[in-house]
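Undergrad: Give me the fold of what follows.
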Amino acid sequence: MNIVIFTKNLFRHWVSFLSGGIGIVLITIYEHMSEKALPWEIFSFITLAVIIIASYYTWLDEHNKWEDENKRCIKLEEEAKPKLRLDYKGTMIRPEYQKENDLYRLAVINDSNVTVKGTRVVLESVESQSWNDFLPDHSLRVMEYKNSTFDISARSTVWVDVIEGIPINTGYAIDPIFIRPALTYAKGHRLIPPGNHVLTVRAEGSCLPYKAQITVNVTNENKFSVSNFKPLN
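TA: Now for the predicted structure:
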């Protein structure tokens, strides 16, 4: 800290304590009761004590300013780091099929102030008793497009398709009975068999990966529901 600024702040605290504090009240009471001036030695001691106290408060002011500035810098540094997280959009109905729970999406959210490049969302693993032919570490589809990677700008969101009901070609008109839930990979679909499946998905890019789990239940009638969205970091 600049010595001139320190001296000004020290003088400000010193005058404040000396003229407005309890010390001046005690001195006034002593001189009034004893009808004589306060001894020089005691006055010097009080003055020195006030200087020490004023020095401490001057240091404390600057220390608090430094801590506030340090916290602000740390916050700016954190916001400058690429940072992703996942959230769930839930299931939606698409009018062309009129089937409940037809599409499930996850939101990829960039919480930082910089662009996260080369972002993708992959299926990392599946815990299931009836499904073992999934494709781990394959990119999921971005918003009904066949993109596998994307750049996500600061403070923005991109939606990634995870599961959708796809019509099975039977040679007849589309019927809800023949719509099957499937994982929406960027390069195609993978049908999900009936059962209860716990999926771990991972968002990654030019930052630390972010993982989350969802539970998918597929009935024998090929209706699916998604529940228990749980961030893992």
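Undergrad: What are the phi and psi values at residue 65?
TA: Taking degrees, to the nearest 10, you get phi -60, psi -40 for the backbone angles of residue 65.
Undergrad: Helix, strand, or coil at residue 67?
TA: Here residue 67 is helix, with the state taken from DSSP: H, G, I helix; E, B strand; the rest coil.
Undergrad: That one: neighbouring residues, count only.
TA: 10 (other C-beta atoms under 10 Å). Yep, even glycine has a C-beta here, placed from its N, CA and C like the rest.
Undergrad: Relative to residue 61, how far out is it?
TA: As defined by C-beta to C-beta, to the nearest Å, residue 67 lies at a distance of 11 Å from residue 61.
Undergrad: Residue 132 too?
TA: 66 Å.
Undergrad: Between these two, which has more neighbouring residues?
TA: Legend: neighbour count by other C-beta under 10 Å for residue 132 and residue 61, higher for residue 61 (15 against 8).
Undergrad: per-residue confidence for that one?
TA: The model reports residue 61 with a pLDDT of 81.
Undergrad: Run through this protein and note the low-pLDDT ranges.
TA: 1-11, 13-32, 35-38, 42-43, 46, 76-80, 89-101, 144-146, 169-178 (pLDDT under 70).
Undergrad: let's see it at 80
TA: 1-59, 72-82, 89-102, 144-147, 167-179, 206 (pLDDT under 80).
Undergrad: got the residue ranges for the helices in it?
TA: 3-20, 22-34, 40-80 (DSSP state H).
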